[in-house]
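S.K.: give me the fold of what follows.
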Amino acid sequence: MMIDVLGIYCNVFLVEVAQVPPLFVSAIVFTSRFWDVIANLIVAKLIDKTNTRWGRMMPWILGAGIFLVPVYFLLWYVPDFGTNGIVTYYFILYLAMVLLQTAHNVPYRTLAMYMSE
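M.R.: Model prediction:
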């Protein structure tokens, strides 16, 4: 559900509420989609190499979930940094959000495959 909120409302929020110029919002969204492709490959390789007493998936699901909540809430906070600072703030947070969602969703969606072995 978080990805739906980001896809539907975050662009409007960034332009209307945070006053980020639309060109920068487009750049943030495009870069985050490109980063998502790379992050999926990186996280999948790291999951394959993970072997803990809690299994392969649980450390990723819990670890990403712990950091996902504060980053999600910080995404809706508008700091008083000026235009360049706000663009940098949302650029970093949006990329972190995409990485954490990938680190949470990839192991969660592949959990059933590993449970059926």
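S.K.: which residue packs closest to residue 59, ignoring adjacent ones?
M.R.: Distances taken as Cβ to Cβ, 6 or more residues apart in numbering place residue 52 nearest to residue 59, at 5.5 Å, with adjacent residues excluded. For glycine as for every other residue, the C-beta is placed from the backbone atoms N, C-alpha and C.
S.K.: can you check residue 29 too?
M.R.: Counting by Cβ to Cβ, 6+ apart, the nearest residue to residue 29 once its immediate chain neighbours are dropped is residue 11, at 6.6 Å.
S.K.: which positions within the longest helix out of those in the chain qualify as buried?
M.R.: In the chain, taking DSSP state H as the definition, the longest helix is helix 82-115. For helix 82-115, burial by neighbour count (16 or more other Cβ atoms under 10 Å) applies to 86-87, 89-91, 93-107, 111.
S.K.: likewise for stretch 24-39?
M.R.: 24-25, 28-29, 32, 35, 39.
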